[in-house]
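# coordinates for the following, if possible.
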Amino acid sequence: MNYSMDAASKVPARPGAQTPHRLAEHVRAALDDYFGTLNGEDAGDIYALVMAEVERPLLACVLERCGGNQTRAASLLGLNRATLRKKLRAHDLL
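Residues are numbered from 1 along each chain as shown. Sure, this is the predicted structure:
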């Protein structure tokens, strides 16, 4: 599938989207909420936290959209199939 790039955000634009709800906006809102719950405490290892929270639902959603076809899911994610399978096992999705 060929996606055009949104020049301002460097994020692929969704074909046919009238008012795109950018994933980045949702991530930003979630992070703002997260920092708000810390009550001034320092947060650590935020990158690992975000990746752990995002990767599992990303893999599950794409695999579902591909009807369980791992080859198609890997292609859509830009991963090779072996890497996808490793990630699926790590997240107990296989």
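# the helix or strand hosting residue 53: which residues count as buried?
According to DSSP states H and E, residue 53 maps onto helix 46-65. Buried residues in helix 46-65, counting neighbours by 16 or more other Cβ atoms under 10 Å, are found at 56, 59, 62-63. C-beta here means a position set from N, CA and C on the backbone, and glycine is covered the same way.
# what's the mean pLDDT across that helix?
The average pLDDT within helix 46-65 is 94.
# ok, then the element right after it?
Following helix 46-65 toward the C-terminus (DSSP H and E): helix 70-77.
# on that earlier part again, next, format the buried residues of helix 46-65 as JSON lines and append distance to residue 77.
Formatted as JSON lines, the buried residues of helix 46-65 follow (distance: Cβ to Cβ, whole Å):
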{"residue": "56", "distance to residue 77": "13"}
{"residue": "59", "distance to residue 77": "8"}
{"residue": "62", "distance to residue 77": "6"}
{"residue": "63", "distance to residue 77": "9"}
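# ok, those vs residue 49, which is closest?
residue 56 (12.7 Å; Cβ to Cβ).
# could you find the closest non-adjacent residue to residue 58?
Closest residue in space to residue 58, ignoring its immediate chain neighbours: residue 77 at 7.8 Å, by Cβ to Cβ, 6 or more residues apart in numbering.
# I should have written residue 83 there, sorry.
residue 74 (7.3 Å).
# quick one on the thing from earlier: how confident was the prediction at the residue nearest to residue 58?
97.
# kindly report the same for residue 74.
pLDDT, residue 74: 98.
# check contacts around the residue nearest to residue 58.
Applying Cβ atoms under 8 Å, 6 or more residues apart in numbering, one finds that residue 77 lies in contact with 58-59, 62, 84.
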